[in-house]
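>>> structure, please.
(chains A and B)
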Amino acid sequence: MTDTHTLEETTLAGAAPDASPAADPLVIAGTPFRSRLIMGTGGAPSLDIMERSLLASGTELTTVAMRRLDPTVQGSVLSVLNRHGIRTLPNTAGCYTAGEAVLTARLAREALGTDWVKLEVVADERTLLPDPVELLDAAETLVDDGFTVLPYTNDDPVLARKLEDVGCAAIMPLGSPIGSGLGIRNPHNFQLITERAGVPVILDAGAGTASDAAQAMELGCAAVMLASAVTRAQEPALMAHAMRHAVEAGRLAYRAGRIPRRHFAEASSPTAGLAELDPERPAF
Amino acid sequence: MTLQQAPEAASGPAPVTVSVNGEPREIPAGLPLDRLVATLTSAAGGVAAAVNEEVVPRGQWPATPLGAGDRVEVLTAVQGG
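This is a model prediction of the structure:
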């Protein structure tokens, strides 16, 4: 019994595909990441909770916003990220025009020494939906200026293609409005975008819970970006842990290839070789 | 004009008003940008500055004198996104 068990384990280990995240890195602009979860830091009630959430999430890339320096603020998000070797991804949140976004990206490059930028150009405060015209304009300018641009965009396959065409390093469509937690409202569009894209597609905005993150990965997203779902959860660090597993599980499911959906049942037990039993025979 | 020509040793350059992160502020005319930023933070990194919507690289701060009406923005990274 023991011998057989050992033999089986040895045989299986040799044949099993490597399911570890390290064997299947996310690559953005030539930079590999083991974690496919990009975290935001907004909304965390304290730096301490933010730090514990980031660690629980396993993230290697995390966004920050650029704001006016307030001399009275103690502690810094940068020191937390630097302490744990988490790469900083500045965003242009709060920008409504291409001009504002380009200037903010340049300030971020100067302050943080990175030419990566999560480009956000929103149309209005109520929806925080991207302004596609300003977004494309800013993306083109920043790519020409040497930036690695990751644009927050609508879940529009045409706009996604145009952003890729002007040289964006990834495409970050929204599942639903920022902070809404409504998940992916148009999974079909996501599939259209991921099927065609030649750069990583990253769900940005809308994830409310772990199943949303898993669904994004199953739809072919290369990564998931989220903040509120974790930072505003009742137990942020616990939700961060859940998101980490959801992203990994969704990625594995995508790689494994799901079964086709069927209208009727398909037996999983063999239909041949059934014993001939009298259906009228009482059970007891 | 006449004030600018006065010897600095007496009372220093005449004060001028600039905007620092949206707030009016009186500074000596010609104060270099690095000395203005030093009044806000002692951080050696993580800070960027723009004067009149133009980014000024940190290395050029000492050589960037500020004048009346200049709009200075001093930014840093905060939690977000």
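>>> who's in contact with B:Glu53?
Shown in contact with B:Glu53 (C-beta atoms under 8 Å, 6 or more residues apart in numbering or on different chains): A:103, B:71. Where you see a C-beta, it was placed from the backbone N, CA and C, and this is true even at glycine.
>>> the residue of chain B found nearest chain A - nearest residue in space that isn't next to it in sequence?
Closest to chain A within chain B is B:Gly80: 2.6 Å, counting by C-beta to the nearest C-beta. Spatial nearest neighbour of B:Gly80, excluding adjacent residues (C-beta to C-beta, 6 or more residues apart in numbering or on different chains): A:Ala65 at 2.6 Å.
>>> burial count for the residue lying closest to A:Gly198 once chain neighbours are set aside?
Distances taken as C-beta to C-beta, 6+ apart place A:Glu164 nearest to A:Gly198, at 6.3 Å, with adjacent residues excluded. Using other C-beta atoms under 10 Å in any protein chain shown, A:Glu164 has 20 other residues around it.
>>> is A:Glu164 in a helix, a strand, or coil?
Recorded secondary structure, A:Glu164: helix (DSSP: H, G, I helix; E, B strand; the rest coil).
>>> now for it: which residues touch it?
Counted by C-beta under 8 Å, 6+ apart, A:Glu164 has contacts A:171, A:197-199.
>>> and it, how far from A:Ile202?
13 Å (C-beta to C-beta, to the nearest Å).
>>> near chain A, which residues of chain B are found?
B:21-22, B:40-41, B:45-50, B:53, B:55, B:57-58, B:73-81 (C-beta under 8 Å from any C-beta of the partner chain).
>>> longest single strand anywhere in the chain?
Just so you know, I chose chain A. The longest strand of chain A (DSSP state E) is strand A:61-68.
>>> looking at chain B here, not the other one
Taking DSSP E as the criterion, chain B has its longest strand at strand B:71-79.
>>> next one: that one to chain centre, how far?
With C-alpha atoms, centre = their mean, to the nearest Å as the basis, strand B:71-79 stands 13 Å off its chain's centre.
>>> how about the CA coordinates for that strand, as CSV?
What follows is strand B:71-79 as a C-alpha-only set of coordinates in CSV (Å, rounded to 0.1, in the frame of the first residue of the first chain):
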residue,chain,number,x,y,z
ARG,B,71,2.7,79.7,-9.6
VAL,B,72,4.6,76.9,-7.8
GLU,B,73,3.2,73.4,-7.3
VAL,B,74,5.0,71.0,-5.0
LEU,B,75,3.7,67.5,-5.2
THR,B,76,4.4,64.2,-3.6
ALA,B,77,2.9,60.7,-3.7
VAL,B,78,-0.1,59.9,-1.5
GLN,B,79,-2.4,56.9,-1.1
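>>> shaky segments in the chain?
Reading this off chain A. Chain A contains residues with pLDDT under 70 at A:1-15, A:284.
>>> not what I meant, chain B
B:1-11.
>>> can you get me a residue count around A:His263?
4.
>>> what of B:Val16?
18.
>>> so which strand or helix has it?
strand B:15-20 (DSSP states H and E).
>>> return the residues in contact with the residue lying closest to B:Gly22 once chain neighbours are set aside.
With sequence-adjacent residues excluded and distances taken as C-beta to C-beta, 6+ apart, B:Gly22 is closest to A:Arg68, at 7.2 Å. For A:Arg68, the contact set (C-beta under 8 Å, 6+ apart) comprises B:21-22, B:73-75.
>>> among those residues, which ones are buried?
Neighbour counting by 16 or more other C-beta atoms under 10 Å in any protein chain shown classes B:21, B:73-75 among the contacts of A:Arg68 as buried.
>>> tell me the one of those residues nearest B:Leu36?
B:Val74 (8.0 Å; C-beta to C-beta).
>>> which residues touch that closest one?
A:68-69, B:20-21, B:36-37, B:40-41, B:47-49.
>>> now with 6 Å, please.
Each residue near B:Val74 by C-beta atoms under 6 Å, 6 or more residues apart in numbering or on different chains is listed here: A:69, B:21, B:37, B:40, B:49.
>>> now render these as JSON lines, adding distance to A:His188.
Conversion of those to JSON lines gives the following (distance: C-beta to C-beta, whole Å):
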{"residue": "A:Leu69", "distance to A:His188": "44"}
{"residue": "B:Asn21", "distance to A:His188": "45"}
{"residue": "B:Val37", "distance to A:His188": "50"}
{"residue": "B:Leu40", "distance to A:His188": "50"}
{"residue": "B:Ala49", "distance to A:His188": "46"}
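>>> still on that earlier bit, in the strand holding B:Val16, what counts as buried?
Here strand B:15-20 shows B:16, B:18, B:20 as buried, counting by 16+ other C-beta under 10 Å.
>>> longest helix anywhere in chain B?
Of all the elements of type helix in chain B, the one with the most residues (DSSP state H) is helix B:33-38.
>>> the helix or strand following it: partners in the sheet, and parallel or antiparallel?
Once helix B:33-38 ends, the next helix or strand along the chain (criterion: DSSP H and E) is strand B:47-51. When pairing is defined by DSSP bridges, strand B:47-51 lines up against strand B:54-56 (antiparallel), strand B:71-79 (antiparallel).
>>> strand B:47-51 versus strand A:61-68: what angle between them?
Here the directions of strand B:47-51 and strand A:61-68 differ by 40 degrees (axes from the mean of the first three to the mean of the last three C-alpha atoms, to 10 degrees).
>>> how far away is the residue nearest to B:Gly22 from B:Ser19?
11 Å.
>>> so what's A:Gln234 up against?
Counted by C-beta under 6 Å, 6+ apart, A:Gln234 has zero contacts.
>>> so it lies in a helix, does it not?
No - going by three-state DSSP, the assignment for A:Gln234 is coil, not a helix.
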